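Asker: dropping the sequence and predicted coords here.
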Amino acid sequence: MIFDRRLLKDFDKTLLAITFIICIGGLFMLHSATQVKSLPFVESYVFRQISWIALATVLLLFIINISYQKFIDISYALYAINVILLALVLILGRERLGAQRWFAIGDFAFQPSEFIKISFILVLASILGSKRVDLKYAGGLVLPLLSLAVPFLLVLVQPDLGTAMLLIPIFFAMIYVAGARVKHLVILVLTGLAAMPFFWHFLRDYQKQRLLVFLNPNVDPLGAGYTIIQSKIAVGSGGLIGKGWLAGTQNQLNFLPERHTDFIFSVIGEEWGLFGALVLILLFFLIMRRSLDIASSTNDMYGKLVAVGIVTLLSLQVVINIAMTIGFMPVVGIPLPLVSYGGSSMITSFIAIALLLNIGMRRSRF
Amino acid sequence: MMREKYLAIPIRLLFIVLALALVYTQAIKHTYYSRLSKDNAIRIIPIEGPRGAIFDRNGVGLVSDRLSFNVALVYQELKNREKLIRLLINTLGVERKDVERGIEKAARRPYAPVTIVDDIDRDKAFILEEESFDIRGLVIQTRSVRNYLHGNIGAHLLGYLSEISDSELERMKEYGYRAKDLIGRDGVEKYYDSYLSGVDGGIQIQVDNRGRHVRTLGMKEPVNGKDLFLTIDIDLQSACDKALDRYRGAIIVMDPNTGEVLALSSSPGFDPNIFVRPEGSLKRTRLIRDKSMYPLLNRAIAGIYQPGSVFKMIVAMTALDMERIERKTRFNCSGSFTLGTGKFACWKEGGHGSQNVIDALMNSCNVFFYNTGRALGIDNIETGAKNFGFGRITGIDLPGEAKGVIPGRSWKRSVKKDGWYEGDTVNLSIGQGYILATPIQVLEMISIVANNGNAVKPYVVKRIDKSDVIPAQRHDLNISKGAMKTVREGLYQVVNAENGTGKRAKLEGIAIAGKTGTAENPGGRTHAWFCGFAPFDNAKISLVIFLEHGGKGGLEPSEIAKEIFTVARSKGYL
C-alpha cells in the first residue's frame, strides 16, 4: 500500500481500531448465539462472519487507496445501478420472511437495500456539494427530494420499512449541513407527518402488526410479540454484570429468535449485562465522535456531507437496533452495525467506515 | 457555516437516552425480568408421594393405591391425527367424538402431555405403549389411584378422597397441600389425612423453548405416606354391613376393655371408589344430593336419635347408686301413670303389675321408670347421663361425631325459653322427649356397664406405620358395686329370661346381657335399638344395633345382635 506521508499522518488509527474491537467482540457474541447448532467450524456462522470481515477489510483497503472524490464523481452511476438493482430485486429477488430483499448469488444473499444507504449518501453529497442547486429557495430542494423519493419508495415496497425510514433523517441531516433554510426543513417535516396516515395504507399487514405490537407486545405474546418479549426478558435478566459468556439461558435455551442477526444485542445484554452493553455503546459513541471530528475538520463540502450522512446512518442504526431489542422502538429489521451476522450489513458498515477514514486522511489536501 | 457541529447534540442525546433505557431495563427492572427468565427455563416435574395404605387388625388390605394408566397426548408432536384416532377407537372401543374432544383439549396446551382417555386397562396400556413408537405425541402415563378393595364395606369408616377446594387450600397451604391434591373427606381418610398423605417430591429441570428437557437441576425425593392398621376386623365389619343391608341404621362392635372398635357400620352405604374414578361424577352427584336417605351420613357417630328404653339403665343405675331406690323397691304398674291432669302410658296395656328394678329392666316397664325418674329428679338424671357420656362426643378418632342432647333445666331455659316441668322428667326417664344420642354414645354406655363401671375411649386406629397407638386411660366412674350388680342382673334377664324383651338375642353357650329400645320419634315409625355385651362375667364384646324407623328393639335388632355375636364367636372374639 502506498500512501504519501500526509495521508498517513491524518489516518484515524483509533477509528479503525475501535471498528475491529467491535467486530471481534461481535464474533464472540455470535459464537455464543449460534454454538447450540454445533456446526463444524468451516460451516459455522463465526467462520462465515470472519470471511465477511476479511472480504470487507480488503474492500476497505481498496476504498481508502482511492480518493473519495472519485466516488463522488461516479456517484450518479453507482446510484443508478443500485436503483436498478432495487427494481430488479422486486421482480427477481427471493422472498424471505415475507419480504423481497435478496438476490441469491451462490450462497451469498445479496441485499441491494443495504448498499443504497451508501449510494444515496454519495449521490446526495454530489448534488448538494455541486452548487447546482440553490438551497436558499424551496425549488432547490426538488432534485434532492427526488433523489430520496426513488429509493425510498422502492425500498418501502419490498417491504423494508426500517431501511426506508432510515433514509429520511440522513436526508435531513445532509441538507441541513448543506445550508437548507430551517423554515423549509420545518415545512418538510410537517408535510411528512401529515402524509403518515396516507402511508399507513401502504404498509403490509405484518408491518402494521409490528407497529401495533410495539405499542403493546402482549396483544400476541406467542406470535408477533414473542420476539420482543423474549428479547426484553433476556436483556433485563442480564442485570448489571450479566449471566456470563455462553451462560445466558434465554440465548442458550433457544428462547430468542433471530438472535444472531437483528437481535444479537439481546445476547450481549443477557450474557454481559449492563456493563457490557454500556461498553458497547460507548465504543459506538467513540466512532461517532471521531466521525463528527472528521466531518468538521474537512473543508471540502463533498467530504463533509458524506461524513455527516454516514454518522447519521451509523448512529441511527445503533440506537434503533438496541432500542428495538429492549422494546423502546418498534421491530423494524435494522441490524446492529459490525456485530449482527450478515455479509451485506458487514460490507456496508465497512464501506461506511472506509469512506470516513478516506475523508479524514485527505482533509488537509483541500 | 459549521452546521455539522450542531449534529453532535442530537447524536449525544440519543446515546444518553439509550444508556438510560438500558439502565432502566437491566438495573431497575432486573428482578422482574430475572423471574420471567427463570419461569421460562425452569420446570418442576412433580413425583407423587404415595398415600399410605390402610389394613385391618389382621393385616388384611382395605385401601391401597393402584396404578392407573392414562392415554395422554403432546399435541405439538402429533403428526398423524387420523391414525391416532383410529388406533384409540380400535384398541379401547371409545367413541370418536370423545377422542376428538380430547385432542382439542390437548391442542390448548400443545407442549405438555394432556390426558385424553382416563384409566384404561393394563393390557391395553401395554398395547398402546408399543404402538406409541409409531405415533408421535402419544404418551401412556401412569398415575396412582386410591383403591377401596372391599367396595362398599366400611365406607363410612374409611371415608373417601376428593380434590382440595380453593378455600381449604388457602387454609392448609402451609401444611404442604397443593392445588389438585386429593384430601380425605370422611372417616379414617380424613381424620388421619396428615399421616396418610405423602409429600410429593419433584425434579427441577431446565427446558428449552420447546419445553424439552435440557438438564436436571435438582431432585427432591417424595415421602411416602404412613400405613394405618385399624382395630377393625374386616370379616366382622362385612357381617355388620350385610346385616344392615335392608335397613337404614348403624352397628358398632367394640372391645369394652380397650375401646378397640371391631366394626363400625352405617347404612345406606356407598362405594368410595366412585370419588376417584373419572366416570363416577354422576353417581357422586346423586350421592351428595340424596336428601331422603343421606347415604354419606355416618349414622354410627353423627346420627342423633331418641334412645328410648336403652336409656332406662342410666336411670336405674343412678337411682340405685344414689340410693333413691333399692334393689327391692317396688312400683306397681297399672298400665299408666298419672301426673296432675296428664296420663303417661306403659307400653303394655293392662300393666306389668308389681315390679322391682330387675323386673322393670327385663320387661322395660315404663311406669316403674316414671316413678324412679321422679324420685331422682331431673338434675340427678342429667348428671348421671352426662357421667355415662351423653351430651358430649366420645372422642373416637373419626371426624364429624355429634354431641346429641341431654336436656336439663338450664338447657331448656336457654334453648326452649321455657321452664322444666315434671312431665319432662317423666318423659326423659324412659329415654324420650328432648334427649338425642348417637349410636356410639349408646355403645359407650353399655360398654361402661360391661366393664363394671370403667369407661374407655373408642378408637379405630391401632398402629400408624410402625408405632402403636396408645389407648386412652381407662376411667373409673366410681359407681357402687351394688348398683352395678343389680343393673347387670336386670340386663342379663332382658336377654335370658323367658319373657325378656331382648330374648331373641339369646345365644346358646354364651351369656349375653343387653337392653332393647323402641323410641317414639317425630319422624314416623319407632326407632329400634339393641345394645349389649358378652360374655356376661368377663365382657369381650359390646355392641349397639340401631335401625332408623326399624320398629321394635326386641325384634330385628335383637336378632341382628345374635347374628353378630355368632360371627364374633366364630372369629374367636368370644
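Answerer: Cool, got the structure.
Asker: mind giving me the domain split of chain A?
Answerer: Chain A breaks down into these structural domains: A:1-65+A:206-361, A:73-203 (assignment by automatic domain parsing).
Asker: mean pLDDT lowest where, among those?
Answerer: When these are compared on average pLDDT, domain A:73-203 comes out lowest at a mean of 85.
Asker: distance from the helix or strand that B:Gly517 is a member of to the middle of the chain?
Answerer: For B:Gly517, the element it lies in under DSSP states H and E is strand B:513-521. Relative to the centre of its chain, strand B:513-521 is centred 25 Å away, using Cα atoms, centre = their mean, to the nearest Å.
Asker: please apply the same query to stretch B:134-151.
Answerer: 28 Å.
Asker: helix or strand for the closest residue to A:Ile351 other than its chain neighbours, which one?
Answerer: Counting by Cβ to Cβ, 6 or more residues apart in numbering or on different chains, A:Ile351 lies nearest to A:Ile118, which is 5.4 Å off, once chain neighbours are set aside. From N, CA and C alone the C-beta is placed, and that goes for glycine too. Element membership of A:Ile118, judged by DSSP H and E, is helix A:112-129.
Asker: same for that helix, what does it pack against?
Answerer: Applying 3 or more Cβ pairs under 8 Å, 6 or more residues apart in numbering or on different chains; DSSP states H and E, one finds that helix A:112-129 contacts helix A:68-73, helix A:75-92, strand A:99-105, helix A:142-156, helix A:161-177, helix A:301-325, helix A:343-361.
Asker: try it again at 7 Å.
Answerer: Contacts defined by 3 or more Cβ pairs under 7 Å, 6 or more residues apart in numbering or on different chains; DSSP states H and E place helix A:112-129 against helix A:68-73, helix A:75-92, helix A:142-156, helix A:161-177, helix A:301-325, helix A:343-361.
Asker: what residues of it count as buried?
Answerer: Within helix A:112-129, the residues that qualify as buried by neighbour count (16 or more other Cβ atoms under 10 Å in any protein chain shown) are A:112-129.
Asker: run a quick neighbour tally on whichever residue of the stretch 1-150 of chain A sits closest to chain B.
Answerer: When distances are taken as Cβ to the nearest Cβ, the stretch 1-150 of chain A approaches chain B most closely through A:Val36, which lies 8.7 Å from it. Per other Cβ atoms under 10 Å in any protein chain shown, the neighbour tally for A:Val36 reads 14.
Asker: could you do B:Ala375 as well?
Answerer: 17.
Asker: right, and the helix or strand after the longest strand along chain B?
Answerer: Within chain B, and with DSSP state E defining each element, the longest strand by residue count is strand B:61-73. Toward the C-terminal end, the helix or strand that comes next after strand B:61-73 (DSSP H and E) is helix B:81-92.
Asker: could you pick out the longest helix of the chain?
Answerer: Reading this off chain A. Using DSSP state H to assign secondary structure, the helix with the most residues in chain A is helix A:264-297.
Asker: that was the other one, I meant chain B.
Answerer: For chain B, the helix reaching the highest residue count under DSSP H is reported as helix B:3-23.
Asker: tell me the mean pLDDT over it?
Answerer: Here the mean pLDDT over helix B:3-23 is 92, rounded to a whole number.
Asker: and the next helix or strand after that helix, what does it pack against?
Answerer: The first helix or strand that comes after helix B:3-23 along the chain, using DSSP H and E, is helix B:30-41. Contacts of helix B:30-41 with other secondary structure elements, assessed using 3+ Cβ pairs under 7 Å, 6+ apart, are made with helix A:224-238, helix A:249-252.
Asker: distance of the residue of the stretch 1-150 of chain A closest to chain B from A:Gly244?
Answerer: Between A:Val36 and A:Gly244 the distance is 16 Å, computed by Cβ to Cβ, to the nearest Å.
Asker: which residues of chain A lie near chain B?
Answerer: Where chain A comes near chain B, counting by Cβ under 7 Å from any Cβ of the partner chain, the residues are A:173, A:176-177, A:179, A:232-233, A:235-240, A:249-250, A:253-255, A:269, A:273-274, A:277-278, A:281, A:285, A:288, A:292, A:295-296, A:304, A:308, A:311, A:315, A:319, A:322-323, A:326, A:328.
Asker: filter those down to the buried ones.
Answerer: For the residues of chain A next to chain B, burial is judged from neighbour counts taken by 16+ other Cβ under 10 Å, and it is met by A:173, A:176-177, A:232-233, A:235-239, A:249-250, A:253-255, A:269, A:273-274, A:277-278, A:281, A:285, A:288, A:292, A:295-296, A:304, A:308, A:311, A:315, A:319, A:322-323, A:326, A:328.
Asker: residue 200 - how many residues pack around it?
Answerer: I'll assume chain A. When neighbours are defined as other Cβ under 10 Å, A:Trp200 has 11 of them.
Asker: I was after chain B.
Answerer: Summarising burial for B:Asp200: neighbours were counted as other Cβ under 10 Å, giving 17.
Asker: phi and psi next, for it.
Answerer: In this entry, B:Asp200 is assigned phi and psi values of phi -70, psi 140 (degrees, to the nearest 10).
Asker: I figured it hits B:Arg51, correct?
Answerer: No: the criterion here is Cβ atoms under 7 Å, and B:Asp200 misses it with B:Arg51 at 10.6 Å.
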